[in-house]
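Undergrad: coordinates only, sequence not included:
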């Protein structure tokens, strides 16, 4: 039973355009959400998070949107850069420190 | 300061052998997690240590897997009688225990031949 789903295994975007990565969850007990970025042969690195009391959090080129009624969140990257090419994992947590991760989306930014 | 470190970075072992993977968390972090990522898959939770509490072992796939955390710091993940399906990247993460961000190590790539 996948509690966190990233239905798009990959996404290809032209440099300078917007990248939108999506994530859906099923557990209404989740109260915070994170995005991690992973390059090959490295561990995931934290990118941005959002608490369930907010519907948007912005950090530079990265914005995370949360739609609690739809149990959906998205990560927007604008403008996309070739260095953003990586695997992006959505993660959710609630009532403790454990995180549940999605399967990841491979983002390729073409120059 | 230093991040999470893991050793070895790569391990090739024969089917049936035992392996030990080591994780050094960030100093002062009370929470430590083990995950694995199989080829083409997401991060699969294995086990979680929080302070002196009993670990959450709910993600361990079989009784061949075990982990310990000595002195609230270094952790060792042990896989006994390895099988080919154990081949994966094993990732360790730590956090301050207040919820939220986990800091990951670079992982150990385990290949069982």
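TA: Structure received. None of the values given here were measured: they were computed from a predicted structure.
Undergrad: drop to CA atoms for contacts and neighbour counts, all remaining ones
TA: Noted.
Undergrad: neighbours around whichever residue of chain A sits closest to chain B, how many?
TA: Distances from chain A to chain B, computed as CA to the nearest CA, single out residue A:103 as the nearest residue at 3.6 Å. A count of nearby residues for residue A:103, using other CA atoms under 10 Å in any protein chain shown, gives 25.
Undergrad: report the contact partners of residue A:75.
TA: In this structure, residue A:75 makes contact with A:19, A:20, A:21, A:22, A:35, A:62, A:63, A:64, A:65, judged by CA atoms under 8 Å, 6 or more residues apart in numbering or on different chains.
Undergrad: number of residues surrounding the nearest residue to residue A:101 once chain neighbours are set aside?
TA: On the basis of CA to CA, 6 or more residues apart in numbering or on different chains, the spatially nearest residue to residue A:101 that is not a chain neighbour turns out to be residue A:91, at 4.3 Å. Close neighbours of residue A:91, defined as other CA under 10 Å, add up to 28.
Undergrad: what bridges to residue A:91?
TA: For residue A:91, the beta-bridge partners under DSSP bridges are residue A:34, residue A:101.
Undergrad: quickly list what residue A:87 is bridged to.
TA: Under the criterion DSSP bridges, residue A:87 forms beta bridges with residue A:38, residue A:106.
Undergrad: neighbours of it, how many?
TA: Counted with other CA under 10 Å, residues neighbouring residue A:87 total 21.
Undergrad: can you check residue B:113 too?
TA: Neighbourhood size, residue B:113 [other CA under 10 Å]: 13.
Undergrad: contacting residues for the closest residue to it other than its chain neighbours?
TA: The shortest distance from residue B:113 to any residue that is not its chain neighbour, by CA to CA, 6+ apart, is 5.0 Å, and that residue is residue B:14. Going by CA under 8 Å, 6+ apart, residue B:14 touches B:82, B:112, B:113.
Undergrad: show residues contacting the helix or strand of chain A with the lowest mean pLDDT.
TA: Comparing every helix and strand of chain A by mean pLDDT, DSSP states H and E singles out strand A:99-101 as the least confident one, with a mean of 89. With CA under 8 Å, 6+ apart as the contact definition, strand A:99-101 has outside contacts at A:3, A:4, A:89, A:90, A:91, A:92, A:93, B:42, B:43, B:44, B:45.
Undergrad: one more: stretch A:31-41?
TA: By CA under 8 Å, 6+ apart, the residues outside stretch A:31-41 that reach it are A:44-53, A:75, A:86-95, B:100-101, B:106-107.
Undergrad: keep only those of those that are in strands.
TA: When those are checked against strands (DSSP state E), the matches are A:45-51, A:75, A:86-93.
Undergrad: which members of those residues are the farthest-apart pair?
TA: Taking every pair in those and measuring CA to CA, the maximum separation is 24.1 Å, between A:51 and A:86.
Undergrad: re earlier: and which of the contacts of strand A:99-101 is nearest to residue A:12?
TA: Once CA to CA is applied, the member of the contacts of strand A:99-101 that ends up nearest residue A:12 is residue A:89, at 15.9 Å.
Undergrad: spatially nearest residue to the closest one (excluding sequence neighbours)?
TA: Counting by CA to CA, 6+ apart, residue A:89 lies nearest to residue A:104, which is 4.4 Å off, once chain neighbours are set aside.
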